[in-house]
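Asks: Give me a 3D structure for the following:
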Amino acid sequence: MSGKDFLYEEVLIAGFGGQGVMIMGQVLAYAAMEEGKNCTWYPSYGPEMRGGFAYCKTIISTDEIGSPVGIEPDTVIIMHGNFIDMADELKVGGRLFLNSSLCPEIPRKKDWKVFLIPANELAEEVGSARAANFVILGAYLEVVQPVRLESILKVMPKVIPARRQDMIPLNEKALLKGREYAQR
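Replies: Numbering: from 1, shown residues only. The predicted model follows:
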């Protein structure tokens with residue numbers, strides 16, 4: 001494998017329970033497996049069913065992964081402003097994706113590349129603010145390209161719970177909307 005084909009992407013995704021934080025990390029991990037890459041998915045959440053803190057770390061690599069916990073994320077995705085402090089974990093020169101619909105504060109330090117994605121508004125344009133997580137995931141995929149969009153689409157039915165399978169067409173539209181927004 002040539003050096004240009006090497007991939008190591010550590011992403012931390014944070015928000016409230018019910019915002020689809022965990023499903024974003026899982027979909028990324030499953031898509032990585034679909035492509036034959038190594039991956040880990042490490043969830044952490046509060047005891048509340050909905051509304052508590054929720055974050056996960058997903059690592060995708062073409063090489064073996066030494067630890068599922070990670071050290072300094074290459075990318076941090078924040079779905080709600082209450083979790084803006086999680087950006088402090090981001091490495092120097094890393095990428096910060098903010099759901100600007102719910103993150104009024106914009107931290108800028110350490111040479112971060114900051115992407116403001118009005119995920120809730122864009123999700124409403126495709127049918128429901130409930131798909132905001134897939135909007136921001138689509139933007140992330142367009143910018144970082146850790147896995148192919150086709151792989152995400154292929155694994156969504158495997159990852160999304162049976163009771164939420166009706167959301168898959170909306171989530172697909174949201175992914176495309178996020179990609180389109182990031183291309184501007």
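Asks: How about the contacts made by the nearest residue in space to residue 13 that is not next to it in sequence?
Replies: Closest residue to residue 13 apart from its sequence neighbours, by CB to CB, 6 or more residues apart in numbering: residue 77 at 4.5 Å. All C-beta atoms are positioned from the backbone trio N, CA, C, and that covers glycine. Contact partners of residue 77, counting by CB atoms under 8 Å, 6 or more residues apart in numbering, are 11, 12, 13, 14, 24, 97, 136, 137, 140.
Asks: got it, and residue 86?
Replies: Taking CB under 8 Å, 6+ apart as the test, what residue 86 contacts is 12, 14, 55, 76, 78.
Asks: Dump those to JSON lines, plus pLDDT and secondary structure.
Replies: Formatted as JSON lines, these follow (pLDDT from 0 to 100; DSSP: H, G, I helix; E, B strand; the rest coil):
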{"residue": "12", "pLDDT": "96", "secondary structure": "strand"}
{"residue": "14", "pLDDT": "95", "secondary structure": "strand"}
{"residue": "55", "pLDDT": "92", "secondary structure": "strand"}
{"residue": "76", "pLDDT": "96", "secondary structure": "strand"}
{"residue": "78", "pLDDT": "96", "secondary structure": "strand"}
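Asks: just curious, which of those residues is nearest to residue 46?
Replies: residue 55 (10.0 Å; CB to CB).
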